[in-house]
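Participant: Need a 3D model of the following:
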Amino acid sequence: MVQSSYQAASWLKSAAPAAGAVVGLPLTTSSSSRELIKTAALPGLPPISSPRQQISGVVRRSQSLVHKVASMHSGSSGRSSKTYTADLAPAAVTGDAAAAAAADATVTTSAAVGTAERRAVPADAIHMYAVVDDTVVSPYKGATWGQVINHMAQRLQWSDQRFILNVITQQQLKNDKSVREDLLQALGTTSSSSRASPMFVGIAISDPGVASYLRSATSALPTVLFWDSGEDMDRSSRVDGFAPATASPLAQMLAQYVGFSGEARSARVMKTLDSLWSRRTSDDLLFIWLVLLNEYVTPVPSVADTTKGTDLKSLYCMIKNCGQKIVDCVTDTTCKKGLDCLDGCAFNDQVCQYRCIVSYETPRFEQFALCILQLHNCRGLDAQMPTVPDPAPMTSWRGQPMTHEVAESLFIGWKEMGSQMPKGGATKPYSWLVAAGKNPAYDYFPCQHQLYSYGKGKGQMWYEPVFKAITLDGHEVWRRRRYRVRRGTTPGTFYYSVLDNGVTSNEYWRILDCAEDLTYCLFYYAGAAATAGLSYSGAVLGTADGSWPEAYTDRIHGALHTAGIEPWELSSVDNSQCVGAPL
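Facilitator: The predicted structure is shown next:
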């Protein structure tokens, strides 16, 4: 979460004399700092594309590092085959006709995916298009690509109602001429700029006729991406007109050596997209579209805050208020290793980020983040909790209306005797043992024990997750966090807050479902680390013994759907070796 704050810290360490001259900090001069001042070099940063970015690029990825701390919580232009000869003259569509064509194409789904659903289309909608083979099973736990990408379309609209991903199946393109004509018309509104042209993604395209049709239909689009569609199709992928696999020698040279060129920018974006694709988590898959939108169309806070550069005002804030904390961290072996580790993580790679943090936790790291992010908000960020989806908590349990007291007893779970205990049940040293959850970072770690206890005041509780972390050098260590919990207005809802490695996160939890015999409880949360620029949501399934309750699978899946979560988005937690947990 603090990757780019580290970029600032490492730069400030070398630039100490200049920093001291500006704000009077007693920092030590070094030969490396004198060289930096002389050359105005920005070590460790990727090439930047404009003088303005040279200023903000000092800590180009500051928010990425912030994001990492918060994540602890939580081609060819040839014609097509004869099959589509009549369909391959892309019409020049402009003005109202283009808008109507785009609107008509909104959400075309196959019978295999489900009933077609018309979403409200805002006047300023931003249309994107995806074609998938709905008969192909994706890497996402048995879901077809049609199911996965249609869910991405829904999640994109939760991010911003303007983001319309129109999903079409390969089968529809092959069998329905009107679908082919509609897509051609919608893609006909093109320009040389990605900002003014629709973006297209093709996944698992296998039919030769459809492949040929798509090569022609997308030939004028600057941004076209194919994955798992055969070597020829995949090699035609391009971002803002730059196709790494087929670019000319000159374009490839510009991409590699001229950091401010459009080719270099596109190459960096493509590398990021390929990295996101390869991780096979639903959040990373969603980010493919969010990154493209943020880069070429409109700011997307969840991406823009992560990649936001640091202007002079932010830099001055860091030096003035936190200069010594920065020096303390970068001169401490453990803290510096943690920051170096975070700096090496790819964009949005939460597993890597969290492993770095749990491997190198140190008070100096916490003070570093606390000062820059929480106490002084030098990044000027203010992320808000997601409000969509907004699932309702369960309203009754064991045939009785839900009350605040009953809800609190469900959190206590197996840890203490009480009215929530099933007849003949015996207490355990924990409230719940997590079997599965939707958090690619946290659910990577095994043996997640949830410990709830009552606070001194009415309606107050404490929540302490205790989990095992595998450090980067292979050691097993136990980690513990401590949240303050208070009742929400509606029974079954709760507000959480925690100071985690220097950053405060606030969360809103709901009890979605809980078995009458306490076999499991399903919790949904939405939260934000405001000054880290991070908002998030997810779910966690706690059970009595950490195993999946097979008899309740359908019921759990139904509760997940109310929160907009598909079963294939969950990660299983390894609870096979949990002996010795410090509970």
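
Participant: what's the neighbour count on the spatially closest residue to L187 that is not a sequence neighbour?
Facilitator: Nearest residue to L187 in three dimensions, chain neighbours excluded: A217, at 5.6 Å (CB to CB, 6 or more residues apart in numbering). (Glycine included, C-beta is placed from N, CA and C.) A217 has 26 neighbours, counted by other CB atoms under 10 Å.

Participant: Please give me every residue in contact with the residue of the chain positioned farthest from its centre.
Facilitator: Computed with CA atoms, centre = their mean, the residue of the chain farthest from its C-alpha average is G424, at 43.2 Å. Listed by CB atoms under 8 Å, 6 or more residues apart in numbering, G424 has no contact partners.

Participant: Pretty sure the residue nearest to L187 sits against E181.
Facilitator: No. With contact defined as CB atoms under 8 Å, A217 does not count as touching E181 (10.4 Å).

Participant: Confirm that A526 sits in a strand.
Facilitator: Yes. Using DSSP: H, G, I helix; E, B strand; the rest coil, the assignment for A526 is a strand.

Participant: and it, what are its bridge partners?
Facilitator: Y508, S537 (DSSP bridges).

Participant: I'd say S497 and V503 touch.
Facilitator: No. If you go by CB under 8 Å, S497 and V503 don't touch, sitting 11.4 Å apart.

Participant: which of the two has more neighbours?
Facilitator: Between S497 and V503, counted using other CB under 10 Å, the more crowded position is V503 (25 against 13).

Participant: okay, that one: pLDDT?
Facilitator: Note on V503: pLDDT of 89.

Participant: For H376, see how far away it is.
Facilitator: Distance, V503 to H376, using CB to CB, to the nearest Å: 12 Å.

Participant: and for the two, which residues touch both?
Facilitator: Residues within reach of V503 and of H376 at once, by CB under 8 Å, 6+ apart: there are none.

Participant: Quick check: pLDDT value at the nearest residue to K337 once chain neighbours are set aside.
Facilitator: The shortest distance from K337 to any non-neighbouring residue, by CB to CB, 6+ apart, is to Y360 (5.2 Å). Turning to Y360, the model gives it a pLDDT of 89.

Participant: neighbours of Y360, just the number please.
Facilitator: 21.

Participant: Could you do the one 5 residues further on as well?
Facilitator: Counted with other CB under 10 Å, residues neighbouring F365 total 27.

Participant: That one in helix, strand or coil?
Facilitator: helix.

Participant: quick one: contacts for it?
Facilitator: C329, T334, C335, G338, L339, I357, N501, G502.

Participant: Quick check: it vs T223, distance?
Facilitator: 39 Å.

Participant: Check R481 too.
Facilitator: According to CB to CB, R481 and T223 sit 41 Å apart.

Participant: Mind checking which of those two has more residues around it?
Facilitator: Using other CB under 10 Å as the criterion, R481 and T223 rank with T223 on top: 27 against 17.

Participant: Could you check how far the helix or strand hosting E263 is from the centre of its chain?
Facilitator: Here E263 sits within helix 262-279, counting by DSSP states H and E. Between the centre of helix 262-279 and the centre of its chain there are 16 Å (CA atoms, centre = their mean, to the nearest Å).

Participant: same check, this time on stretch 368-380
Facilitator: The answer for stretch 368-380 is 22 Å, by CA atoms, centre = their mean.

Participant: I appreciate the help and will end here.
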